[in-house]
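Asks: Provide a 3D model corresponding to the input given below.
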Amino acid sequence: MSQVMDMDFDVDMAVEATCPAWLASLPDAEERCRAAALAALAAGLRERPLAGVDSGIELAIVLSDDAEVRRFNRDYRGQDKPTNVLSFAALDGDDPLPEPDEPLLLGDVIIAHETTAAEAAAEGLSLADHLSHLVVHGVLHLIGYDHEEDDAALDMERLEAASLAGLGIADPYARVDSGTPMRS
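Replies: Next comes the predicted model:
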């Protein structure tokens, strides 16, 4: 059995009180987020196992609003504007791994409702499918994937598409020219 199948995954969910629109528009948002996060972890760790992590992985997903995400984007990335998803990895390459019986605290993924809903509407997608895509994207960032270079972007998009396919969601990049990576 692979490392991925042997490991415990704990996905903590929070829906900000300031953004009841998530549950009003998508009552099963928390379950969808958990499923998408687990799909991304399985796909990403299958290709890039985290050496020395054998007890489990914990991460948090926060469903929030544009105002809160804008604040985080301004304070931590220097960009004073809302965005769809932000990922905050708890570890970088120099941080020590947890003790053998302790889970790895992977980080947080924060998603803005208004931006996500507007993008879904503009692209003709369901809010549920777009939310799942953003969770997969954010979780892959937490385990070290990025889209800064074209090859890395194509690799990440391939993992996103595979993760989403496992959830019955169409490839979000199928509508994009296959030679040009789509960066979110």
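Asks: give me the pLDDT for the residue at minimal distance from the centre of the chain.
Replies: Nearest to the centroid of the C-alpha atoms of the chain, with distances taken as CA atoms, centre = their mean, sits residue 138, at 2.4 Å. Each residue has a pLDDT score; the one for residue 138 is 97.
Asks: cool, and residue 49?
Replies: Per-residue confidence for residue 49 comes out at a pLDDT of 80.
Asks: for the protein, what helix or strand is lowest in average pLDDT?
Replies: Of all regular secondary-structure elements in the chain, judged by mean pLDDT, DSSP states H and E, the least confident is helix 3-6 with a mean of 49.
Asks: buried set for the top helix by length along the chain?
Replies: In the chain, taking DSSP state H as the definition, the longest helix is helix 29-47. Buried residues in helix 29-47, counted by 16 or more other CB atoms under 10 Å: 29-30, 32-45. (Each C-beta comes from the backbone N, C-alpha and C, glycine too.)
Asks: just to revisit the earlier point, name the SS class of the residue nearest to the centre of the chain, please.
Replies: helix (DSSP: H, G, I helix; E, B strand; the rest coil).
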